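Engineer: Model the structure of this input:
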Amino acid sequence: MIRRPPRSTQSRSSAASDVYKRQVSTQSTWGQYIYLKKYLDPMPNISIAGERESGQDVRTSNVIAVQSIANIVRSSLGPQGLDKMLVDEIGDVIITNDGATILRQLEVEHPAGKVIVELSQLQDKEVGDGTTSVVILASELLRRANELIKHKVHPTSVIAGYKLAVREACKYITNNLSVKVDSLGREALINAAKTSMSSKLIGAENNFFSEMVVDAVLSVKHTNVLGETKYPIKSVTVAKVHGQSSLESSLIKGCALMMSRASQQMPTRIEKAKVACLDFNLNKFRLQMGIQIVVDDPKNLEKIRQRETDILKERIQKIINAGANVILTTKGIDDVAAKYLVESKAIGLRRVSKGDLKKIAKASGATVVTTLATPEGEEIFEPSWLGTAEEVYEETVGDWDFVFLKGFKHQSMVTLLLRGANDFITDEIERSVHDSLCIVRRTLESGQVVPGGGAVEIALNIYLEDFAKTLGSKEQIAIAEFAEALAIIPKILATNAALDATDLVSKMRVLHSAAQNSDDEKKNDYKFAGLDLQNGKVRNNMNAGVVEPLIAKIKCLKFATEAAITILRIDDMIKLHPQKEELPHRH
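Structural biologist: Residues are numbered from 1 along each chain as shown. I've put the predicted structure just below:
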């Protein structure tokens, strides 16, 4: 007889079986989940071999980097700005207050800082001056934009506001603040050059140098095939010689080459010169490398040497017979060639740079000759390949010998011979003169000037504040901040001159506000009110001759805004670690 177990025992074993089945089912489901997660998940976890910053942290980091760079050049802005001494790793010293030169010497590692350094280089390339202002303005725009973003204004709204503000600012400058150069004459060019020099080392001698710079730019004027008048600054060569005062500098209507004649027996001066520009050696003829000659009779060796000399003599004779009495070559002139030139009473110059040779050829009407060979295998030199110059002579300047070529057929080349007490001063004079040359060229090409001394910035400050009040969109606050950022330029100008910036800027705002909001004709000239940093007051800078080319101011505003927007767009920065190279394993 089989006994049935009690009901309670049966139910207990059934319950245990259900629990076991549930555990097995659960474990199976978890295993399937792990498998699917591991092999079939379309978005697996990604690790970055580097550091990542995002959001407000990266914006703050960028702003701090940009402000650090701007603070370096801040004290060098304006006529009363201070100089910087830069010493590199090998001890070379540069003393300057030119913003582009200072930033070019810095080794900036931060990515946002590099954007600002490139900004100053772009301003220097496009305009030639205003490199310090553009960096300071970009830094201030970025700082104020960062404050807006901290107060929950979206970066897109700030960027849209900045773009609208710079568009309105450029339009207002062109229509209301600019004056045609034609109505001011040559005086406008001289005043623009003086304004550029006022913050440089040669500011005390700006009357002397401004005349020289304007004459140099006007001398290289030419009209291209499209009928456009251009002033190529590359045609103005700068030669530096230390010794004597900077007021001993001179403008030469021609070319000055820092070299001496190939032989001291050559004549030192030639009138009515015929110039030959060569781009090959005037050395004793030698066969090319790799060519072998087998000589059976030793007597023929002397004939070979004599023929090599005769080939050189024939080449020089062809050039001389064409009428040349000044020969310039980018290669060498050996003693044998110099002997033939001395006999022909011609001047020979060797190792002339290709850049100078091309300029001389263009100005004199010569052709740069690379070979005398013709397709028929003969060697000729045509008289039409020669250029002309009124006089060519050698003269000692300071400790160096110079060869001067004057009176070219086409007056498209001039040389500025700069003097100074030492190399530091001559280098800084060269940078100052280059900036002034670029400013005069831009003034001539744009044909319009605007008042300097912070007049444009304060006028835009008033105008954009009023313009922002007419908008009902989110861009209103960004435009108002843009207007406030512009006031940083006159504030720093006044601070660097040891003046009360708040007092002077307030007086300027009153005058510009009256000019923009009043219909009185007498108050219209208040729009030219700017800083007089010598006397610590506000004056009409257009009448005082403190002017800048219109294109320089517009490009400064555009470049600074574009740089600020570029950095403002960044909300994530990933800095990858350098990849480690594995050394090959030894077996």
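Engineer: tell me which residues of the helix or strand D310 falls within are tucked away?
Structural biologist: Per DSSP states H and E: D310 is located in helix 299-321. Buried positions in helix 299-321, judged by neighbour count with 16 or more other C-beta atoms under 10 Å: 312-313, 315-316, 319-320. C-betas here are computed from N, CA, C, even on glycine.
Engineer: ok, so of these, who is nearest F280?
Structural biologist: Distance to F280 across the buried residues of helix 299-321 (C-beta to C-beta) is lowest for R315, with 9.1 Å.
Engineer: wait, the closest one sits on I380?
Structural biologist: No. Assessed by C-beta atoms under 8 Å, R315 is found out of contact with I380, at 10.4 Å.
Engineer: Tell me who's in contact with T96.
Structural biologist: 83-84, 86, 102, 427-428, 431 (C-beta atoms under 8 Å, 6 or more residues apart in numbering).
Engineer: what does A478 give?
Structural biologist: With the criterion set at C-beta under 8 Å, 6+ apart, A478 makes contact with 145, 148, 153, 157-162, 165.
Engineer: what's the helix or strand harbouring E168 packed up against?
Structural biologist: Element membership for E168, per DSSP H and E: helix 155-172. Using 3 or more C-beta pairs under 8 Å, 6 or more residues apart in numbering; DSSP states H and E as the contact criterion, the elements in contact with helix 155-172 are helix 131-150, helix 455-469, helix 475-486, helix 550-568.
Engineer: tell me the mean pLDDT for the first one?
Structural biologist: Think helix 131-150. Averaging pLDDT along helix 131-150 yields 90.
Engineer: Pull out the buried residues from that helix.
Structural biologist: Here helix 131-150 shows 131-146, 148-149 as buried, counting by 16+ other C-beta under 10 Å.
Engineer: what's the answer for the third one, then?
Structural biologist: Taking 16+ other C-beta under 10 Å as the neighbour-count basis, helix 475-486 is seen to contain the buried residues 475-483, 485-486.
Engineer: can I have that helix written out in CSV, keeping just the CAs?
Structural biologist: These are the backbone C-alpha positions of helix 475-486, laid out as CSV (Å, rounded to 0.1, in the frame of the first residue of the first chain):
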residue,chain,number,x,y,z
GLU,A,475,20.1,90.8,-30.3
GLN,A,476,19.4,94.1,-28.5
ILE,A,477,21.6,93.3,-25.5
ALA,A,478,24.4,92.0,-27.6
ILE,A,479,24.5,95.2,-29.7
ALA,A,480,24.5,97.3,-26.5
GLU,A,481,27.5,95.3,-25.2
PHE,A,482,29.3,95.7,-28.6
ALA,A,483,28.8,99.5,-28.2
GLU,A,484,30.3,99.4,-24.7
ALA,A,485,33.3,97.3,-25.9
LEU,A,486,34.2,100.0,-28.5
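Engineer: How far does it sit from its chain's centre?
Structural biologist: Centre-to-centre, helix 475-486 and its host chain are 29 Å apart (C-alpha atoms, centre = their mean, to the nearest Å).
Engineer: Next: the longest one.
Structural biologist: Relative to the chain's own centre, helix 131-150 is displaced by 21 Å; criterion: C-alpha atoms, centre = their mean.
Engineer: I figured K114 was touching V108, is that so?
Structural biologist: Yes. Judged on C-beta under 8 Å, K114 makes contact with V108 at a distance of 5.4 Å.
Engineer: higher neighbour count, these two?
Structural biologist: V108 (16 against 13; other C-beta atoms under 10 Å).
Engineer: and the more buried one, helix, strand or coil?
Structural biologist: coil (DSSP: H, G, I helix; E, B strand; the rest coil).
Engineer: Low-confidence stretches in this structure?
Structural biologist: 1-54, 286-289, 574, 577, 580-587 (pLDDT under 70).
Engineer: 50 - rerun?
Structural biologist: Residue ranges of the chain with pLDDT under 50: 1-5, 7-13, 15-16, 19-26, 36-39.
Engineer: just the helices in the stretch 151-300 of the chain please.
Structural biologist: 155-172, 186-197, 206-219, 299-321 (DSSP state H, counting those that start in this stretch).
Engineer: Ok, which of those comes nearest V403?
Structural biologist: Among those, helix 299-321 comes nearest to V403, with 18.2 Å by C-beta to C-beta.
Engineer: Which neighbouring elements make contact with that closest one?
Structural biologist: Packed against helix 299-321, as judged by 3+ C-beta pairs under 8 Å, 6+ apart, are the following elements: helix 335-343.
Engineer: could you dump the helix it packs on to PDB, C-alpha only?
Structural biologist: This file holds the C-alpha atoms of helix 335-343, laid out as PDB (Å, rounded to 0.1, in the frame of the first residue of the first chain):
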ATOM      1  CA  ASP A 335      89.000  87.300 -61.500                       C
ATOM      2  CA  VAL A 336      89.300  86.400 -65.200                       C
ATOM      3  CA  ALA A 337      85.900  87.900 -66.000                       C
ATOM      4  CA  ALA A 338      86.700  91.000 -63.800                       C
ATOM      5  CA  LYS A 339      89.900  91.500 -65.800                       C
ATOM      6  CA  TYR A 340      88.000  91.700 -69.100                       C
ATOM      7  CA  LEU A 341      85.400  94.100 -67.500                       C
ATOM      8  CA  VAL A 342      88.200  96.300 -66.200                       C
ATOM      9  CA  GLU A 343      89.700  96.400 -69.700                       C
END
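Engineer: Please tell me I have it right and E211 contacts I190.
Structural biologist: Yes. Between E211 and I190 a contact is recorded at 6.6 Å, counting by C-beta under 8 Å.
Engineer: For the closest residue to A459 other than its chain neighbours, grab the count of nearby residues.
Structural biologist: The shortest distance from A459 to any non-neighbouring residue, by C-beta to C-beta, 6 or more residues apart in numbering, is to H512 (4.9 Å). If you count neighbours by other C-beta under 10 Å, H512 ends up with 24.
Engineer: Assumed H512 was part of a helix.
Structural biologist: Yes. Assessed by three-state DSSP, H512 belongs to a helix.
Engineer: wait, isn't it in contact with F528?
Structural biologist: No. H512 is beyond contact range of F528, at 9.4 Å (criterion: C-beta under 8 Å).
Engineer: any chance you could map the helices in the stretch 301-450 of the chain?
Structural biologist: 335-343, 354-364, 423-446.
Engineer: Who are the contact partners of S178?
Structural biologist: Counting by C-beta under 8 Å, 6+ apart, S178 has contacts 448-450, 550.
Engineer: Compile those residues into TSV and extend it with columns for neighbour count.
Structural biologist: Compiled in TSV, the contacts of S178 are given as follows (neighbours: other C-beta atoms under 10 Å):
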residue	neighbour count
Q448	20
V449	28
V450	25
L550	24
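Engineer: Good, we can wrap up now.
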